[in-house]
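Student: coords please:
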Amino acid sequence: MVKRITSVIFSFFLFIVPIYADELSIDSDKYILYNLNDDSVIIEHNSNEKTQIASLTKIMTTIVAIENVKDYNRKVTITKEMYNNIEWDIAVAGYKVGDKVTYNDLFYGAILPSGADAVNALAYSVFNNYDSFIKKMNDKANELGLKNTRFSNPIGLYDENNYSSAKDISTLLIYALKNKKFKEIFTAKNYTSTTGVKMKSTIETYNAKNDNENLNYITGAKTGYIKKAGYCLATTAEVNGIEYLLVTLNAHTNGVPHIKDAIKTYKYYSENYEYKSIVKKDTVVVKLPVKYSNEKKISIKANKNIKHYLKNDFDIEDIKYIYTGKKYITPFIKQGTKLGTIEIKYKDETLDKFDLIFLQKVKFSLFSFIWAYKFIIIIIVIIIYIKIKSNKIKGLKKRKKTQH
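Tutor: Just a heads-up that it's a prediction; the model follows:
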């Protein structure tokens, strides 16, 4: 209860200025926002377009390393080779040649400060071959069905053959977060290596140098920047019990456009959307005719509660229940039988579907049963009458022949 109250108070101060739909204009050219509570896409724009992704590449680098290292505490020696292709302006974790660090140190170094030294150390050591590591990255992309993704280096340096899309990065991140170790790292804000190197998440560093916004609701982040890619950002957030995942790519405004885009997007959706009840257990979703009973029609209820993430101007009157299934009910239908399916539509959009289960009782009426088949019964009676009459006539004829 205390946690809920705290969340409400926090949200009030964080999102005190309302944002309207026409105000949601962000700098990033490609993006996708997920509602992780029900695994659905809230909004996307150019999400399948191939593009440079800068250091978001390191999400794949890190999950591939984690999945292929058995002992996270095993030591790796930093070599000169691991500093190949690392220019002076590329972010590093701070390891020095000759340092003996654990794989765990390298995982954190790759994600939090986006360290190219940590990334190269993983690429050279996990399979003892740099090219083999990149092949594993591409194999994993194929395994996950990332059709718009290819890797040529583990850092995210500019290369025409190192690209992805907002959709693919979101798919990759959702997959990676299922790994306990990756999630632990991705959601960390600070870390100190076994060699004493102190690290801070790049989003915290960017934020401290600029507006210093309250980002406590952002639960995990990975930033990226190179000139060709612009500012890129993959984040997870939780506001009012709703978990989000946002990937934004190719923001080019000076400053921290990727962080501002994340703040604006989370602010807008958490202020203007929430879960709305679209069906309740006692909601009558269809009325079906009844056979062989005194009841003419029966109201079938949903038998379940369903909520959906919708805008605050949602009107329950615009909800329609489209039923497909049995045309009528009889007393012979057992409780628990599936009658059909209900499609819940809102302004021509399908929000949900569910099986409609029959849980009621219908009393049998002999009179109604007979009345339903009255014509057949009359025909049968007539046939029996004709048969009896015919037999009597045949009997009379036989007796007359016998008498003669």
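
Student: D168 touches N142, doesn't it?
Tutor: No: taking CB atoms under 8 Å as the definition, D168 is not a contact partner of N142, at 11.4 Å. Heads up, the C-betas are built off the backbone N, CA and C, glycines and all.

Student: Who has more neighbours out of those two?
Tutor: D168 (25 against 11; other CB atoms under 10 Å).

Student: how close does D313 sit to Y273?
Tutor: Distance, D313 to Y273, using CB to CB, to the nearest Å: 10 Å.

Student: out of those two, which sits in the busier spot?
Tutor: Neighbour comparison, D313 and Y273: the larger count goes to Y273, with 16 against 7 (by other CB under 10 Å).

Student: Now the more buried one. Nearest residue, chain neighbours left out?
Tutor: K311 (5.5 Å; CB to CB, 6 or more residues apart in numbering).

Student: these two touch, right, the one you found and N272?
Tutor: Yes: between K311 and N272 a contact is recorded at 6.0 Å, counting by CB under 8 Å.

Student: Poorly predicted segments of the protein, please.
Tutor: 1-23, 395-404 (pLDDT under 70).

Student: 80 - rerun?
Tutor: Counting by pLDDT under 80, the chain contains low-confidence ranges at 1-24, 208-212, 367-369, 371-374, 377, 389-404.

Student: quick one: the helices in it?
Tutor: 2-14, 57-68, 103-111, 116-125, 130-143, 166-176, 180-186, 202-209, 257-272, 366-372, 374-403 (DSSP state H).

Student: Tell me which of those helices lies nearest to E238.
Tutor: helix 2-14 (8.7 Å; CB to CB).

Student: Pick out whichever of K311 and N272 has more residues nearby.
Tutor: More neighbours surround N272 than the other of K311 and N272, with 17 against 11 (other CB under 10 Å).

Student: And the more buried one, how far from I43?
Tutor: Distance of N272 to I43, computed by CB to CB: 12 Å.

Student: Ok, I393 next?
Tutor: With distances taken as CB to CB, I393 is found 85 Å from I43.

Student: Likewise for V239?
Tutor: Going from V239 to I43 by CB to CB gives 16 Å.

Student: For those two, indicate the residue with more neighbours.
Tutor: Higher neighbour count among V239 and I43: V239, with 20 against 14, using other CB under 10 Å.

Student: Pull up the gap between that one and K80, please.
Tutor: 46 Å.

Student: In contact with I300, which residues are there?
Tutor: By CB atoms under 8 Å, 6 or more residues apart in numbering, the contact list for I300 reads 284-288, 339, 356, 358, 360.

Student: before we move on, the earlier item: can you add distance to K326 and give the helices of the chain back as CSV?
Tutor: Shown next, in CSV, are the helices of the chain (distance: least, CB to CB, whole Å):
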stretch, distance to K326
helix 2-14, 43
helix 57-68, 48
helix 103-111, 54
helix 116-125, 59
helix 130-143, 43
helix 166-176, 38
helix 180-186, 46
helix 202-209, 55
helix 257-272, 40
helix 366-372, 17
helix 374-403, 22
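
Student: Is it correct that T283 is in contact with S299?
Tutor: No: distance between T283 and S299: 9.9 Å, which falls outside the contact criterion (CB under 8 Å).

Student: Settle it for me: which of the two has more neighbours?
Tutor: Each of T283 and S299 has its neighbours counted (other CB under 10 Å); T283 has more, 20 against 11.

Student: neighbours of the nearest residue to the more buried one once chain neighbours are set aside, just the number please.
Tutor: Using CB to CB, 6+ apart and skipping residues adjacent in sequence, the residue nearest T283 is A302, 4.7 Å away. Residues lying near A302 (other CB under 10 Å) number 21.
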